[in-house]
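*Asks:* Any chance you could fold what I've pasted below:
(chains A and B)
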Amino acid sequence: MNFKLKDIGPQLMTVIAVVLVFGFFTYNAQVNMESRGIDFGYGFLSQESSFDVQFSLIEYDGSHSYFRAYLVGLLNTILVSVIGIIFATVLGVIVGIARLSPNYLINKFAAFYVEFFRNIPLLLQIFFWYFAALRALPLPQDAEAMFGVSFLTIKGLYVPAFIWQNFNIFFYSVVAAIIAIIVIRIHAKKLQETQGKQTPVLLISIGLILILPLLSFLIGGVRLSFEVPVLKQLATTSFIYEGGVSLPPELIALALSLSLYTATFIAECVRAGIQGVGKGQKEAAASIGLTPNQVLKLVVMPQALRIIIPPTTNQYLNLTKNSSLAAAIAYPDLVLVFAGTALMQTGKAIEIVSITMFTYLSLSISISILMNWYNKKIAITEK
Amino acid sequence: MSKINFLRPDKSNLYTFLYLGSFLFFISVLDVLLNSFFSLNITAFLPGFLSFLLPLILGFIGLYFIRIELSGIKQLDLLNKHINTNNFNAILSLLIIFIVLKSIPPIASWFFVDASFAGDSKDVCTGSGACWTYIKVWMRRFMYGMYPNGEQWRINLSFIALALLGSVGYFATDRFKKYLTLYYVVIYPFIAFLFIFFFISGGPVFFDFSYGIIAAILSIIIGFFIPSKFKFYYFLIVPLALYVLLKYFIFYEELVELGKLDGLNWVETGAWGGLSLTFIISFFCLIFCFPIGMAFALGRRSGFPLIRYISIGFIEFWRGVPLITVLFMSAVMFPMFLPADFFIDKLVRCIIAISLFEAAYVAEVIRGGLQALPRGQYEAAKSLGMGYWRMHIFVILPQALKLVIPGIANTFLALVKDTPLIFVVGLLEIVGMLNLAKTNPEWLGFAMEGYVFAAIIFWIICYAMSKYSYNLEQKYKTDR
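*Replies:* Presented below is the predicted three-dimensional model:
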């Protein structure tokens, strides 16, 4: 009896404490909501939202429901995160490799970049780009064209829009090319394992991904045209661009600062990963007659990626969570649209904050589950 | 003299190549230098495109000529090894040299040459450079927020006193060294708390929260002198008793009415701000998040499944949400969870929210250290007959914490960099004050100066912290 008490005692006390705290909170919430005449429920999600959002990827106006507003915010969050992740990865990998360069100047330049951007709060960087740097851009009427078709102005970046005809055929051709490449890769690997023959997989892949979509243009009736933004006068001193796609300055400032900031962390991950591969590995690979490219591709990268990918995914998650700072410069992301405007209108604090947190939570947890699965898959299996 | 092949520089004509290459390289650098510092274009007679690329081409040829392996000249070999290993590296080196040369004049002129420093109104800022007068005029607001000018000596005095008290560790003699941990973990935070609660605030800012803190810390201090036989009962009863005693008998609310306790004016937390608020928040969050994080790290490694699952849930929850939503929660949702007459100050709510948030990250870092320790350490401690707490305090944690110094430092850096987010609940530390000053109609158009100023301050703080953590890591590094 005694040893059981020893085991159960601490657990029971912890559970009781947790239950008490939660019970206390729930009880107070009930009392408070009753006294303020608020009822708890998620029914408001289907009500008409009656507020407008400046920038949205899907069709939305005040007559749509609160749930639609939630989707608008979520899509905007995902948009800025994806843009940020792409740029941060490219920049981070370049800087990370530059940090290992034997060239003294490049090395120091990369180190300076990392030390500089890492030690300044992200919010300050966002404010700097949005309120100070992007405000120095020209007005729409004074903007000079970049490559003749896009305009970077104080009101945002205007780029040509793609107008597709028969887009689905093009899409299917790309999918078909990707499937064909995967099949060929599997086949080539089998061929090499059984007969030792090597197939030029890379060349075939490049050919396929170019030829199949091209065929869709020639045979499938796919047409692509561009809609170039055109300057239009609204009043004597007010100009805007019409047509094309416009990216608001909030999005540009946010994506820019997120990628510059996160790239420093990714650069450090990349550097640690490449340094983590032992020198002996490279020498051993070279001594069995692999070319430098093969050494990199077959020996160094697979081992470095094993070290690089987990912390880098963490950085991607951080970037996604940091994109919620959008609220500070009024980019309509999930926090601003839903936890800001929608909360002010409905007053449903508990419901809305919990939905917002749950959204971020499920995003993080699903990615970390994926990561754990990947880690298990690539972990070195010792024989 | 052997035949010269200009496509293949070799050692036999070393000096020809060396002089020619250095000359070309010198010309290219000189061109850029003159261009950027004196806006002279010595190659203006060429077509614009060629004139633009000429320094790069000349420099590249120059570097190509002096790239001679094993030349026997020490400096040349060093140069080749470091910036001139191959064509690609040569071009990159040239580009970096040119970019640096090109960017020095505009930056220097904006910062110093064309900048205005004198005066105390907007009128002096007519030049094209920065207007540091703006920073000078607003300095007090950036440092102290809306804290009344006449009372700011209280903040200064508190910070100086706390800095002095914090540096005690450096001067402690060997006799007192063994008490340092106790001092830093229990007594110092208590003194800091008293300073900020009574001195900077000058009044009843924290209410219930403060009674709880004082009771807890007092009881921990007294707890050291209680024989371990009674410790369990002591901690069961005394903190609560102290709390009740404090709240209803010693500092009961009528006594703590505004300004009655001492002669200081009460300054509400809404008026606190600027850099001093950044320090206050970072300081308290740093103190609170460490023990909480350590508790959850141990909880996550605990043998009791229920405690483990609760810890996992806690850690994963806080790590999965952005800080801004946590602050939103503390601002709009948290008051709903408390009794209607229960008042917790905005600043305290902020500190609790950030502490819990960062504690989850600290917990994960410490767990990494605990996992990295070999099993033998646990087994050795157990075989000596140590219990759970004794084993962790004397054997496991000292080693684990030593391992995770860099991780902890990164978390603390993240904490300092996260403090500007408190604008969500309406508290304005330095970045928030900048945004406020930016919208002042008399001082429009100086956003850039403000952000650069704040960036420099934050950069210095964060860089110093990371260097300090690096030193700490080297100091406690032991080979195992």
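
*Asks:* if you look at the helix or strand containing A:Ala304, does any of it touch chain B?
*Replies:* Using DSSP states H and E, A:Ala304 falls within helix A:301-322. Yes. Using CB under 8 Å from any CB of the partner chain, a contact is recorded between helix A:301-322 and chain B, made by A:Lys321, A:Asn322. No exception for glycine: its C-beta is placed from N, CA and C like everyone else's.

*Asks:* May I see the buried residues of that helix?
*Replies:* Under the neighbour-count criterion of 16 or more other CB atoms under 10 Å in any protein chain shown, helix A:301-322 has A:303-310, A:312-322 buried.

*Asks:* What is that helix packed up against?
*Replies:* With contacts taken as 3 or more CB pairs under 8 Å, 6 or more residues apart in numbering or on different chains; DSSP states H and E, helix A:301-322 sits against helix A:66-99, helix A:249-276, helix A:349-378.

*Asks:* isn't B:Ile354 right next to B:Leu286, touching?
*Replies:* No. Contact criterion CB atoms under 8 Å: B:Ile354 and B:Leu286 do not qualify, at 9.8 Å.

*Asks:* neighbour count winner among the two?
*Replies:* A direct count of neighbours by other CB atoms under 10 Å in any protein chain shown for B:Ile354 and B:Leu286 places B:Ile354 higher, at 26 against 19.

*Asks:* any idea of the mean pLDDT in the helix or strand hosting the more buried one?
*Replies:* For B:Ile354, the host element (DSSP H and E) is helix B:346-372. Mean pLDDT, helix B:346-372: 89.

*Asks:* likewise stretch A:232-240?
*Replies:* 72.

*Asks:* How about stretch A:210-229?
*Replies:* Stretch A:210-229 comes out with an average pLDDT of 77.

*Asks:* Could you do stretch A:253-260 as well?
*Replies:* The average pLDDT within stretch A:253-260 is 92.

*Asks:* For B:Met465, find the nearest of the helices and strands packed on helix A:301-322.
*Replies:* Closest approach to B:Met465 among the helices and strands packed on helix A:301-322 is made by helix A:249-276 (15.8 Å; CB to CB).

*Asks:* quick check, that closest one touching chain B?
*Replies:* No. Helix A:249-276 is not in contact with chain B by CB under 8 Å from any CB; minimum separation 9.6 Å.

*Asks:* helices or strands next to the helix holding B:Ile354 in the packing?
*Replies:* So helix B:346-372, by 3+ CB pairs under 8 Å, 6+ apart, packs with helix B:274-300, helix B:305-320, helix B:323-328, helix B:397-403, helix B:405-418.

*Asks:* Would you mind listing the buried residues in it?
*Replies:* Buried residues in helix B:346-372, counted by 16+ other CB under 10 Å: B:346-367, B:369-370.

*Asks:* domain assignment for chain B?
*Replies:* B:11-113, B:137-147+B:267-475 (automatic domain parsing).

*Asks:* Now do the helices in the stretch 151-300 of chain A.
*Replies:* If DSSP state H, counting those that start in this stretch is used as the criterion, the helices of the stretch 151-300 of chain A fall at A:167-195, A:201-218, A:249-276, A:279-287, A:292-294.

*Asks:* which helices and strands does the first one pack with?
*Replies:* When you say that, I think you mean helix A:167-195. Helix A:167-195 packs on helix A:201-218, going by 3+ CB pairs under 8 Å, 6+ apart.

*Asks:* Now do the helix it packs on: everything it contacts.
*Replies:* A:169-170, A:172-174, A:176-178, A:180-181, A:184-185, A:188, A:222-224 (CB atoms under 8 Å, 6 or more residues apart in numbering or on different chains).

*Asks:* which residue does the stretch 1-150 of chain B bring closest to chain A?
*Replies:* B:His82 (4.0 Å; CB to the nearest CB).

*Asks:* Check the domains of chain B for me and report the most buried one.
*Replies:* domain B:137-147+B:267-475 (a mean of 19; mean count of other CB atoms under 10 Å in any protein chain shown).

*Asks:* Return the distance of that one from the chain's centre.
*Replies:* 10 Å (CA atoms, centre = their mean, to the nearest Å).

*Asks:* average pLDDT across stretch B:134-147?
*Replies:* pLDDT averaged over stretch B:134-147 gives 84.

*Asks:* what do you get for stretch B:58-72?
*Replies:* For stretch B:58-72, mean pLDDT rounds to 81.

*Asks:* Thank you, goodbye.
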